[in-house]
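1. Pasting a predicted model and its sequence here:
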Amino acid sequence: MKYLIDTNIVIEFLHNNEQIIQKIYDIGIDNCCMSEISLCELYYGVYNIEGTKYFVQEMNRLNTALEKFHILENKGNAELYGKIKARLKRIGQRVDEFDILIGSLAAANGLIVVTDNEKHFICMPDVKCENWLER
């Protein structure tokens, strides 16, 4: 199995959540990738705290993610994105644009989305997801 790690799970990894770190290493970090969309979200999070005492620390953590995870480019999923978004609109299901992009990227590449926001993905056709956080 190959996995697309959602932004919230990458954040848990970078903040040393032992459960997530262990799961990623058990599966094999080479079987896990991150989307270009998540990378954008992570950069936003870091630059949102620019000028604070945490900025350098968080930028260093982000650079760690860049070293650890393969970044999957957002290509080859445009048609599937349109299909998923249209279906969600027809059934009245509102989902964040970035989550639709991440879901369509996962489906187009045969990946399982790993997220703590399962409700954002389970309504998308052909998108499989798992939650590795037991709360």
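-> Thanks, I have it. Numbering: from 1, shown residues only.
2. quick one: the closest residue to residue 68 other than its chain neighbours and residue 3, what's the gap?
-> Distance criterion CB to CB, 6 or more residues apart in numbering; nearest residue to residue 68, sequence neighbours excluded, is residue 29 at 6.1 Å. All C-beta atoms are positioned from the backbone trio N, CA, C, and that covers glycine. Distance, residue 29 to residue 3, by CB to CB, to the nearest Å: 10 Å.
3. now residue 106
-> 9 Å.
4. contacting residues for the closest residue to residue 133 other than its chain neighbours?
-> Leaving aside its chain neighbours, residue 133 sits nearest to residue 116 (5.0 Å; criterion: CB to CB, 6+ apart). If you count contacts by CB atoms under 8 Å, 6 or more residues apart in numbering, residue 116 has them with 6, 8, 9, 12, 131, 133.
5. Tell me how many other residues crowd the nearest residue to the fifth one once chain neighbours are set aside.
-> The spatially closest residue to residue 131, leaving aside those adjacent along the chain, is residue 118, at 5.3 Å (CB to CB, 6+ apart). Applying the criterion other CB atoms under 10 Å, we find 14 residues in the vicinity of residue 118.
6. Cross-check the contact I'm expecting between residue 118 and residue 129.
-> Yes. Using CB atoms under 8 Å, residue 118 is in contact with residue 129, at 5.5 Å.
7. what ranges do the helices span in this structure?
-> Secondary structure of the chain (DSSP state H): helices located at 7-14, 18-27, 36-47, 55-68, 78-90, 97-108.
8. So which of the ones you listed is nearest residue 123?
-> Proximity to residue 123 (CB to CB) singles out helix 78-90 among the helices of the chain, at 6.5 Å.
9. And the closest one, how far out from the chain middle?
-> How far helix 78-90 lies from its chain's middle: 19 Å, per CA atoms, centre = their mean, to the nearest Å.
10. on that earlier part again, could you export the helices of the chain as a markdown table, including distance to residue 124?
-> Converted to a markdown table, the helices of the chain look like this (distance: least, CB to CB, whole Å):
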| stretch | distance to residue 124 |
| --- | --- |
| helix 7-14 | 16 |
| helix 18-27 | 22 |
| helix 36-47 | 14 |
| helix 55-68 | 24 |
| helix 78-90 | 5 |
| helix 97-108 | 4 |
